[in-house]
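> Dropping a prediction and its sequence here:
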Amino acid sequence: MTLLPENPNAFTRSPLDRAAHHRRDREWINAALEHSNTKVVPFFQHRPFVVERAGEVAIGWLGAHTLCRIASEEAPLLFLGLDREQTPHFAVVATDGELLADLGRFDDLRALGPRLTRNELAILGPAKSVFEWHARHGFCANCGAATLIVEAGWKRDCPACKAEHFPRVDPVCIMLPTFSDKCLLGRQRAWPRGMHSALAGFIEPGETIEEAVARETLEEAGLIVSEVTLHSTQPWPFPHSLMIGALAEVTHDAERIDPHELESARWFSREEARALIAGSFQGAFCPPPFAIAHQLLKTWALR
Ligand SMILES: [Zn+2]
């Protein structure tokens, strides 16, 4: 429900209208939970419930009447929005990971990423991020009292000091350093063998996106950024980041990596970058298309 231009990234362009004006309307939310068409997707330990038939994985939507069986009264329940037919969609944190074992399974969203549709990822992403936030923010950061979930899962209120708490979004810059006709990809020690990706880091208070791109590129790879071109953004629900993708032209190619951040880094020509995208590069690979790093590399490689 947007007139914005196409965003190439997964976890964007949800088919649901958030209809945020309903969040404070308890009566409307309660009525929606009585409706026979209403759909609910359970999560357990931050894993969404999915069903698999004939090798195809899909969100395991349940009717709202199942809520009393799968979740406690206090469990985080999130109003996700309305589809084109005005059907309300919710997500809930389930009490038990085994309850629905005869119907499907709770599975890791990152692993499911390449197998779910774009629409499904855009629906599950915000639910996972908000549930991650609920799991870590049960107590008021101001006074330490237990907080209460309000506004259909989108806020926590502190009854003791009246502080209001909203779900976190952590901005991260992710950039592809480029010099002449080549680009730099790094790898972290913990990554699977051969995986190379763009550089990335959290944006700090007081920084512009461009300044953060320049600082991180200098810190991690010893490269001086002369120009930043913003590419696209991506909500990244691991746990609740907003990835801000950029191409970063640098002034030289004598990289000097910070061994605390990177295990290695190497330059790739456009031809090599195309092979990475195609998955045909011997000895190295890049993240899958559902990661913004892939889209950044693709944009540059196909220029
Ligand atoms: Zn408080």
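It's in.
> only C-alpha atoms for contact and neighbour calcs from this point on.
Noted.
> which residues touch the residue of the stretch 1-150 of the chain found nearest the ion?
Residue of the stretch 1-150 of the chain nearest the ion, by C-alpha to the ion: Cys143 (4.1 Å). Counting by C-alpha atoms under 8 Å, 6 or more residues apart in numbering, Cys143 makes contact with Ala160, Cys161.
> you'd agree it is in a helix?
No - per DSSP: H, G, I helix; E, B strand; the rest coil, Cys143 lies outside any helix segment and is coil.
> Please report how far it lies from Leu116.
Distance of Cys143 to Leu116, given as C-alpha to C-alpha, to the nearest Å: 41 Å.
> Spell out the secondary structure type for Asp258.
Secondary structure for Asp258, judged by three-state DSSP, is coil.
> With the flanking residues excluded, which residue is spatially nearest to it?
If the residues on either side of it in the chain are set aside, Asp258 comes closest to Glu220, at 5.1 Å by C-alpha to C-alpha, 6 or more residues apart in numbering.
> In a strand, that neighbour, correct?
No - the assignment for Glu220 (three-state DSSP) gives helix, which keeps it out of a strand.
> Enumerate every residue touching the closest residue to the ion within the stretch 201-303 of the chain.
Here the residue of the stretch 201-303 of the chain nearest the ion is His240; by C-alpha to the ion that distance is 22.7 Å. By C-alpha under 8 Å, 6+ apart, the contact set of His240 is Ser129, Val130, Glu132, Trp133, Arg168, Val169, Asp170.
> Name whatever forms a beta bridge with Met243.
With DSSP bridges as the criterion, Met243 is bridged to Val172, Gln234.
> separation between it and Val228?
15 Å.
> Do you have the helices of the chain handy? List them.
Ranges of helices within the chain are 26-34, 67-70, 109-112, 118-136, 209-221, 270-278, 292-301, based on DSSP state H.
> Can you give me the buried ones in the second one?
Residues of helix 67-70 classed as buried by neighbour count (16 or more other C-alpha atoms under 10 Å): Leu67, Ile70.
> same deal with stretch 170-177?
Buried residues in stretch 170-177 (16+ other C-alpha under 10 Å): Pro171, Val172, Cys173, Ile174, Met175, Leu176, Pro177.
> Would you mind putting these into TSV with distance to Leu276 alongside?
Listed next are the buried residues of stretch 170-177 as TSV, based on distance: C-alpha to C-alpha, whole Å:
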residue	distance to Leu276
Pro171	27
Val172	24
Cys173	22
Ile174	18
Met175	17
Leu176	14
Pro177	16
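> just checking, Trp267 touches Asp181?
No - with contacts counted by C-alpha atoms under 8 Å, Trp267 stays clear of Asp181, the gap being 9.8 Å.
> Give me the more crowded residue out of the two.
Neighbours were counted for Trp267 and for Asp181 using other C-alpha atoms under 10 Å; Trp267 has more, 18 against 12.
> Any idea what that one is bridged to?
Leu184.
> what sits against the residue nearest to the spatial centre of the chain?
The chain has Trp236 as the residue nearest its centroid, 1.8 Å off, counting by C-alpha atoms, centre = their mean. Applying C-alpha under 8 Å, 6+ apart, one finds that Trp236 lies in contact with Phe11, Gly125, Leu242, Met243.
> Pull the contacting residues for the closest residue to Arg84 other than its chain neighbours.
Nearest residue to Arg84, sequence neighbours excluded (C-alpha to C-alpha, 6+ apart): Leu16, at 7.5 Å. When contacts are counted by C-alpha under 8 Å, 6+ apart, Leu16 touches Met1, Leu80, Gly81, Leu82, Asp83, Arg84, Ile123.
> And Ala160, by the same measure?
Counting by C-alpha under 8 Å, 6+ apart, Ala160 makes contact with Cys143, Ala145.
> could you redo the last one with a cut-off of 7 Å?
By C-alpha atoms under 7 Å, 6 or more residues apart in numbering, Ala160 lies in contact with Ala145.
> Now it: phi and psi?
As for Ala160, its main-chain torsions (degrees, to the nearest 10) stand at phi -80, psi -50.
> Likewise for the one 3 residues further on?
Backbone dihedrals for Ala163, given as degrees, to the nearest 10, come out at phi -70, psi 150.
> Where does pLDDT dip in the stretch 1-150 of the chain?
Along the stretch 1-150 of the chain, segments meeting pLDDT under 70 span 1.
> The ion contacts on that one?
Cys140, Asn142, Cys143 (C-alpha under 5 Å from the ion).
> just for the stretch 201-303 of the chain, where's the confidence low?
For the stretch 201-303 of the chain, no range has pLDDT under 70.
> coming back round to it: of the contacts of His240, buried ones?
Ser129, Val130, Glu132, Trp133, Val169.
> of all these, which two lie farthest apart?
The two members of those with the most space between them (C-alpha to C-alpha) are Glu132 and Val169, at 11.2 Å.
> Please consider this matter closed, and thank you.
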